[in-house]
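# After the sequence you'll find the predicted model.
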Amino acid sequence: MRLTKFTDVALRVLMRLAVAESGDPPTTREVAATMQVPYTHAAKVVARLQHLGLIEARRGRGGGLSLTGTGRTASIGGIVRELEGPGDVVECEGATPCPLRSACRLRGALRQAEEAFYASLDPITIEELVASPTGPVLISLSSVRPAPG
């Protein structure tokens, strides 16, 4: 199974916000620069994470992004399930339907494997992902501010 780039960026944004220093929350542009993703992509991710209640975004002077309590303790498995959405690992009913679809056991086996993947992520939280050595690396990366633009 492979996660979409959107989910990858979302998890990295959440991790970055989990180590944000109090007082001066990072902007979407700063987080995008730190995580080395295009600003437009980061902005879409931020909007979705805000909609899910995982982050807060404030505009204007003193604004920026912050992780909510829910975001801090949310299950990684739950976040990934939500961002990836429903769907099968393989496409059995596409433009050219698989001739085995009526008697195939592969689809069920892959669905079971996918659920095992998510279940292995369920007990992990964002806070746990930013424990050492990850947290200190994120903090060092975030100390570099992008040029205004």
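Okay, I see it.
# How about residues contacting the longest helix along the chain?
The residue-count maximum for a helix in the chain (DSSP state H) belongs to helix 106-121. Counting contacts by Cβ atoms under 8 Å, 6 or more residues apart in numbering, the residues outside helix 106-121 that touch it are 1, 75, 76, 77, 80, 81, 88, 89, 90, 92, 100, 101. For the C-beta atoms, the positions are set from N, CA and C on the backbone; glycine is no exception.
# Same check on stretch 74-83?
For stretch 74-83, contacts defined as Cβ under 8 Å, 6+ apart pick out 3-4, 6-7, 10-11, 14, 48, 52, 54, 118-126, 129.
# how far away is residue 107 from residue 128?
Taking Cβ to Cβ, to the nearest Å as the measure, residue 107 and residue 128 are separated by 33 Å.
# Over to residue 98?
Here residue 98 is placed at a distance of 39 Å from residue 128 (Cβ to Cβ).
# Does anything pack onto the lowest-mean-pLDDT helix or strand in the chain? Which helices or strands?
Within the chain, no helix or strand scores below helix 134-142, which has a mean of 77 by mean pLDDT, DSSP states H and E. Using 3 or more Cβ pairs under 8 Å, 6 or more residues apart in numbering; DSSP states H and E as the contact definition, the elements that helix 134-142 packs against are helix 5-18, helix 28-35.
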